[in-house]
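Participant: let's see this in three dimensions:
(chains A, B and C)
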Amino acid sequence: MAMDEKLTQKVTIKSKADQKSKFKNFLKKCKQQHALLIMTVPFIIWLFIFKYLPIWGWTMAFQDYKPALSFSEQEWVGFKHFLFLFHDNHFLMVLRNTLAMSLINLVLGFVTAIGLAVFLNELRNLAFKRVVQTISYMPHFLSWVVAASLVSFTLSFDGIINEILVTFNLVKEEVLWLGIGEYFWGIIGAAETWKNVGWNAIIYLAAISMIDQEQYEAAKIDGASRVQRIWHITIPGMKSVIIVLLIMNIGYILESGFEPQYLLGNPLNVAYSENIDIFVLKYGISMFNFSLATAAGMFKTVVSFIFLIAANNISKRMGEGGLY
Amino acid sequence: MKKNNGIFIKRTREDVIFDSINYTFMVLLCIIMLYPFINQLAISLNEANDSIRGGIYLWPREFTWHNYEHVFSEASVIQGLIVSVSRTVIGTGISLLATAMVAYAIAQKDFIFKRSFTIIFVMTMYFNGGLIPTYLLIRDLNMIGTFWVYIIPGLIGVFNLIVMRSFIEGLPTSIFESARIDGAGDFMMFFKIVLPLSLPVLATVALFVAVFQWNQWFDVFLYNSSNPSLTTLQYELMKILQSSNAAGGSQDVTSNLANSQNQNANTVTPLSLRATMTIVASVPIIMVYPFLQKYFVKGMTLGAVK
Amino acid sequence: MSRFFKIGLFGVMLLLLFALIGCSDDTEETSGNDSDDTEETDESSGEVTTFKFFDASAPGTDINTSETRLGKIFEEETGVNFDIEHIVGDVNTKIGTMIASGEYPHLMNAEQSTDAVIDAGAYIPLNDLIEEHAPNIKEMYGPYLEMMKRDDGNIYLIPSGAANGYAAPPNPDQGGWWIKREVLKAMDYPQPKTLDDYFNIIEEYAAENPQMDGADTIGFTALTYDWRFFAFSNQPMHLAGYPNDGGILVDMDTLETEVYGNKDITKDWLMKINEVNDKGLFDREAFTQNYDEYLAKVTSGRVLGFFDYRWQAGQALDNIQNADDPYAEYMAFPIVFEEGIKDQYLDPSGFVASPGMGITTSATEEEQIQIIKYLDHLAQEEVQKLIMWGFEGETYEVDEDGRYYRTEEQIDLAADQDYRDETGWTYFEWGWPRMSGLYSDGNAVEPGRQPEVAVLSYDETDKEFLDAYGIETFSELFSKPDERPWFPAWDTPIEQGSPAQIYEQQVDDLMKSSYPKIALADPGEFEAEWENYVDQFEQLDYEAYEEVITESVKRKAELAGN
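Facilitator: Okay, here's the model as predicted:
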C-alpha cells in the first residue's frame, strides 16, 4: 500500500512536468490549427447551448413533474417512473416488438438501399437512370397517414395482393394480412422499405459517384466481369460510408418508428405492433405525464450508447475504422 | 449516347442478361413507387364526397378542381408557402456551410480535438433533454416568434456531419499534401479543394437539409403558432386537414340535417384533402431533386482536379 | 485572399451566434403571447381591445372575430374582439409548454389539459366576476353554476351548452343500430326491438342475397379503429338500456356506478357477436379496417347493418343521402337485449362542466372585466338567437304563432360553409357561453331540433318509411331520455397519474386485444377466451375508477337536487 503511494507520488511529479510540456505543446498546436478552431469552436458553443443545456430536463424522470412548478418545488419520486416502465410483462412484449422491427428495418434498409444504388449505377441510359432515381425516392414524401392507408388497402380483401393470390389459387380464401399478428413485422419492414429505399439509396449513389472512374476502366481492361466490378470496386468504394452509417444506426436500435405502427396497428395485431414509442404516448404524453416520457428517453439513450460503443469498438477491432 | 458507344459495342452475353434483368426490375420498381402519387392525384382531382365510396385508382371519377381551390382559398397557405421556401433556401445554405466546415475540421487527421469534438457531436444524436426544457431554452433565448427559430436550433444535423466527414476523409490524401506544400491554409484548402471535390456529398446533404426544412411543422406548432406571418406550408396544410377531420365528426345536427338538402357541392373530406395536401406539399420538393441529381448521377474523375 | 476569407467567415459565424442575441433584442417588445401585452390596452374606453383566445377544443381557421359579421356586431356593442388561435397538433404538448413558461392567452379552452391548467393556477376564479358583471351568464347557467364549481368552490370555466328544457332531435343523432332501408322494405318494414330480432332480419336477408352489386354481402360491420373503438365496446351498455356514460353504468336509484367490461351484459353481447360471426355474418375485416375503409364500406351498400353514433358514421351516411338511391340509406333502431328494457340511446339533457373557456392570469383585472362582459353579452337570449338561428328574413322566418322555421332556400344557405364562415357561425356556434334545449318562447335553440325545420327536409322515401312505422320523425322510435342530472359521467375530472386514470388506459388496451379474440373464437372456445379475459380484467384496479366516478355522480346529483 505504502509502496503504491510512493509510486503514484513519483508518477504524479513526473507527470506534472509532463503535463506542463504537454500543455505547451497543446497551446502550440492550437495556434497552428487556429483556422480549424475558428471553423469549429462557434459550433461547439452552439452545440452546448442547444443540445447539452436542456439535459437538465432529465431530472424530470425522477420527479412527478408538474410544468407549473419551479424546479425546487417539484416532488422527487426516485425511480418510480422507471419501475412503472419496466414493471410487467407488457414492457417485455413492447421491447421485443421494438427490437424486432428495428432490426428488420436495419437489415432490410441497408441491403435494399445499397442494392438499389448499385443497380441504378449499372443503368447505362442516363436519362432512364435519372427518371428511375427520381421516381424511386418519391414515396419518401408521402406522409405516413397516406402511406399507411394505401398499405392497409393493398392488404385488404379487395386489395391487389389478395386478388392475385386468389386468382392464381395460391390461397383458398383471402388472407387477413393485418389481422394476423405474426405478419406484422414483415409488413412494417416491407412498407418501410418501399417508402424509403429510394431515399436511403441517395447517399450510396453519392458514395459511388466519388469512386474514381479510372478504376472501372482499368478493371475492364483486365477482363473483369460486370459482377466482379461491382463486387471489387463499387462495394469497397462505398465501404466507409456503409460502416459509418451502420454504426450510427445500430445506436438507434430502440427507434423502430412510431407512425406506421400506430396507424397500421389494430386490435388483432396489437401484441406485435405496439412498441416503446406507442406505449410512452399512451401512458406518458396523453396522460400529461412528461416524467414517464423522459424516463423512457433516458432508457433509450443508455441502450443507444451501449450499442453504439460496442459497434464502434468491433468495427475498430476489425480494422475498419470507427465513428470516432 | 455518344460517350457510351464504346461500351455498347463490347456488350457481352453477361451484359445482355444483366441489363435486361436490371431494366425490367427498374420498370417494375417505378410502377410500385409511382402508383401512390397517381392515386393521390386522382383522388385530389375527384369530387370529395364521391371519393368516400372508394374505388378510385388511376383517374378521377367525378373531376373537380374544388379540393385545390379549397386549399388555396386560404390566404395563409400562400404566406406559408413563402415562409417554407425561405426557410428551405436560407436554412439549407447556412446549414450546408456550417456542416461542411465542421466536417472538414474533424476530418483532419492531426486536428487536436478530432476525437473529442466528434464524440460530443455524435452523442447528441442519441439523447435530448425533452420538449419542455428545449421550449424554455428557446424562450429564454427570445427566439419565440422569430424566423431564426427555424434555422438556428437545427443548424447542424449530426447525421449529415458524420456523412460529410467520412466523405472528406475518403478524398485522396495526396491532394491535401501537395496543397499544403504549396502553402495553402485550411480555409484555402476547404474552399478551393474540398468543397469542389465534395459536390456529390454536398448535394446529398443539401437535399437532406432541404427536405427536413420543407417538412417541418412541429417547430411552428411549438414556437410560432400565434404568429401568422411565420407560418409554413406544412403547418397550414395540417391545419386545414385537422379542421376537416373535426368537421367530419361534427356533433352538430344542424349541418347533418341540412346536408340532406344541400347537394354538398362544396364540401371537402379528410380523404380528399389528404390527397390534395400530398400533391401540394410534395411536388415542389420533389422538383428539387433533378437539379441536384447531376452532381451524383455521373461519376466524377478525381484525376481531373489533381 | 485567405486572410479575407478568414475574417469574413469568422464574421459570419459571429453573426450567426449573435443572431440569437440579436433577434432577442428585436422581439422583446413584439413577442407573441407574452402575458401582459394586449395590443391596445384600452386607455380611452371608446377604443377597440383585442384579446387572444386559444381554442384547443377543435382545429379551425385562425381569425379575428371582427372579421365575421357577428363578431363585428359584438365588437361594436362591447368594444372587444378576439384573435382566435385553434390547436394544430397535440393538445397536451402545446398546453404543457404554455404551463412551463407561464405564458397564456387571455382566454383559453384547454380541452383535455384543462385540469393541468387549473392545477397550475393559471385560470382565475370567475365567481366574483360572474356575480358582479355577468347577470346574463348567471341567469343562463342558473342551476348549473353549482356544478361548475370545483372542489375548492371556485368556478374556473364556462362550458358550452346550458340546457333549458329538452328538445328532442328529430333524427337520432347519437348511437343506433342501423339497417339498410332496402332490407327493411324487402321484409315488409319489420321493427326489430331485441338483439335477436335485429340479427334475425340480417340473417334472413343475407341468406336470400348473398351478393350485392357483385360483391359479397356483409351482414354486420363494426368501427374499431384507434380511439373510435368505443363504438364497439359501448354496445353492451346501450343494449342494457343505459345512455352513453362511457365505460360505466350508473344505478338510477343508488347512484352507485360500476364498470361493465367484466359483467354478464358484456358476455351476452360478445356471445351474440361470436354466434353472428360463426354464421359468417360478421365482417371479417371489422378489426383490421381503418376509419376510411369503414366509411367506404358503409357507403358501398354491401353492409346490411352496423352499430355506430350518427356523428361518427356521418360522412358515410351523408354521402348515401346525396346519392340517387334512397333505399340505400340506413335507418336506426333502439335495440336492447330483451323486450321490457327501456332504451336510452338519446342523450339526456346533460351538462358537461369541463372543458370550457376560462380567463387566464394573463389578463389584468380590468381586462378580466372586459372579457367577462363580452361573454355575458353573448349569453343574452337575443344574441343566442343570432348565433343559432341568424337573421330573421334571411336565415329564418317566424310564423303567426311565434314559431321559427326555415324555408328550403334558408336551410341550404345556413348549411353553406362559406356563408357560415362569413357570419361567424363557424366560430361562435360552440365553445362560447351557449344554451341548449329551448328558448323561453318555446322554440328549439338549435334549428336542427326544431320539428318545423326537420319535416321540411324529409323527402318522399323518408315519408314512406315514417308512414310505415307510424311516426312523424325518425327519433320517435327511441325512448325519451330519463332525467339524469349527472349525465354524462365521462366528464368527471380524473387526477393525472391516479390509479383511475391508469385503469382507463389499461382497460382500453385489454378490451382492444381481447374482444376480437373472444368475438372471433370458435364457439367451442368462447367460454375459455372469456374466462381468460375476465381474469385479466379482475387484476385491474377498477374499484378506484368506480370510486372516482361514483363520487362525482353523487356530487352532481346532489347539486342538481338543490
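Participant: going by C-alpha atoms from here, please, whenever you check contacts or count neighbours.
Facilitator: Fine.
Participant: in the stretch 201-324 of chain A, which residue sits closest to chain C?
Facilitator: Nearest residue of the stretch 201-324 of chain A to chain C: A:Pro267, at 4.9 Å (CA to the nearest CA).
Participant: surely that residue and C:Ala286 touch.
Facilitator: No - in this structure A:Pro267 lies outside contact range of C:Ala286 using CA atoms under 8 Å: 9.9 Å.
Participant: list the residues that contact C:Asp344.
Facilitator: For the record, residue C:344 is Gln, not Asp. C:His238, C:Gly241, C:Tyr242, C:Pro243, C:Pro334, C:Phe478, C:Ser479, C:Lys480, C:Pro481, C:Asp482 (CA atoms under 8 Å, 6 or more residues apart in numbering or on different chains).
Participant: excluding its backbone neighbours, what's nearest it?
Facilitator: C:Pro243 (4.9 Å; CA to CA, 6 or more residues apart in numbering or on different chains).
Participant: next: A:Gly189.
Facilitator: Nearest to A:Gly189 is A:Asn105, by CA to CA, 6+ apart, at 5.5 Å.
Participant: tell me which element the one you found is part of?
Facilitator: Here A:Asn105, judged by DSSP states H and E, is contained in helix A:89-121.
Participant: show me what that helix is packed against.
Facilitator: helix A:126-136, helix A:184-209, helix A:270-273, helix A:276-283 (3 or more CA pairs under 8 Å, 6 or more residues apart in numbering or on different chains; DSSP states H and E).
Participant: so for the residue nearest to C:Gln344, what's the pLDDT?
Facilitator: Here, the pLDDT recorded for C:Pro243 equals 92.
Participant: do the same with C:Glu472
Facilitator: 90.
Participant: ditto for C:Tyr123
Facilitator: 96.
Participant: A:Glu320 is in contact with A:Asn313, correct?
Facilitator: No - in this structure A:Asn313 lies outside contact range of A:Glu320 using CA under 8 Å: 9.9 Å.
Participant: comparing those two, which residue is more hemmed in?
Facilitator: A:Asn313 (18 against 15; other CA atoms under 10 Å in any protein chain shown).
Participant: that one looks like it's in a helix, true?
Facilitator: Yes - remark: A:Asn313 belongs to a helix, assigned using DSSP: H, G, I helix; E, B strand; the rest coil.
Participant: buried sites along stretch C:451-461?
Facilitator: C:Pro451, C:Glu452, C:Val453, C:Ala454, C:Ser457, C:Tyr458 (16 or more other CA atoms under 10 Å in any protein chain shown).
Participant: same deal with stretch B:53-72?
Facilitator: By neighbour count on 16+ other CA under 10 Å, the buried set for stretch B:53-72 is B:Arg53, B:Gly54, B:Ile56, B:Trp59, B:Pro60, B:Arg61, B:His66, B:Asn67, B:Tyr68, B:Val71.
Participant: returning to what we had before: got the helices and strands packed on helix A:89-121 as TSV, with distance to B:Ile78, mean neighbour count and mean pLDDT columns?
Facilitator: Supplementary listing: the helices and strands packed on helix A:89-121 in TSV, determined by distance: least, CA to CA, whole Å; neighbours: other CA atoms under 10 Å in any protein chain shown; pLDDT from 0 to 100:
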stretch	distance to B:Ile78	mean neighbour count	mean pLDDT
helix A:126-136	27	19	89
helix A:184-209	28	23	92
helix A:270-273	39	23	92
helix A:276-283	33	20	89
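Participant: which of those sits closest to C:Leu520?
Facilitator: helix A:270-273 (15.5 Å; CA to CA).
Participant: what residues does that closest one touch?
Facilitator: Here helix A:270-273 makes contact (CA under 8 Å, 6+ apart) with A:Met93, A:Asn97, A:Gly181, A:Glu182, A:Phe184, A:Trp185, A:Gln261, A:Tyr262, A:Leu264, A:Gly265, A:Asn266, C:Ser513.
Participant: I'd like the distance from it to the chain centre, please.
Facilitator: Chain-centre distance of helix A:270-273: 21 Å, with CA atoms, centre = their mean, to the nearest Å.
Participant: kindly report the same for stretch C:152-166.
Facilitator: Here the centre of stretch C:152-166 is set off from its chain's centre by 16 Å, with CA atoms, centre = their mean.
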